[in-house]
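Student: one predicted model, sequence on top.
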Amino acid sequence: MVQARWNGSIIADSDDTVVVEGNHYFPRDAVDPAVLQPSETTSHCPWKGDARYHSITVDGSTNQDAAWYYPEPKDAASQIRDRIAFWKGVEVS
């Protein structure tokens with residue numbers, strides 16, 4: 001089981017993550033929806049496509065843009081469709 005933790009809370013856990021470039025992508029339904037806040041931030045990856053971000057809020061603290069996903073990944077990255085990855089101090093193990 002792989003878990004993502006931030007600010008003392010488990011925010012995602014799954015035994016079905018996909019690892020791309022060293023990042024675990026969790027199925028969306030394995031992530032606690034209560035901690036995700038929509039963000040206007042976007043970025044572009046030449047081979048994965050356009051990413052969107054969520055901020056994470058746990059116990060009143062917010063980690064800005066700490067989760068990302070590809071709503072319409074390119075064919076080469078189709079395995080991460082409907083999956084979310086984390087960074088910015090989110091511990092994944």
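Tutor: Great, that's in hand. Residues are numbered from 1 along each chain as shown.

Student: got the residue ranges for the helices in this structure?
Tutor: Assigned helices in the chain: none (criterion: DSSP state H).

Student: where in it is pLDDT low?
Tutor: Along the chain, no part satisfies pLDDT under 70.

Student: count of neighbours near F26?
Tutor: The number of residues packed around F26, counting by other Cβ atoms under 10 Å, is 26. Yep, even glycine has a C-beta here, placed from its N, CA and C like the rest.

Student: repeat that for V58.
Tutor: Residues near V58, counting by other Cβ under 10 Å, number 17.

Student: ditto for A76
Tutor: Around A76 there are 10 residues (other Cβ under 10 Å).

Student: same thing with T41?
Tutor: 13.

Student: D13: what's it in contact with?
Tutor: M1, V2, Q3, A4, F26, A30 (Cβ atoms under 8 Å, 6 or more residues apart in numbering).

Student: what does R81 give?
Tutor: Per Cβ under 8 Å, 6+ apart, neighbours of R81: Y70, E72, P73.

Student: and these, which of them are in strands?
Tutor: Using DSSP state E, no member of the contacts of R81 falls within strands.

Student: got a ChimeraX select line for the buried ones in these?
Tutor: To isolate the buried subset of these in ChimeraX, counting by 16 or more other Cβ atoms under 10 Å, use the following:
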select :70,73
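
Student: which one among the contacts of R81 gets closest to I11?
Tutor: Sorting the contacts of R81 by how near they are to I11, with Cβ to Cβ, puts Y70 at the top with 19.0 Å.
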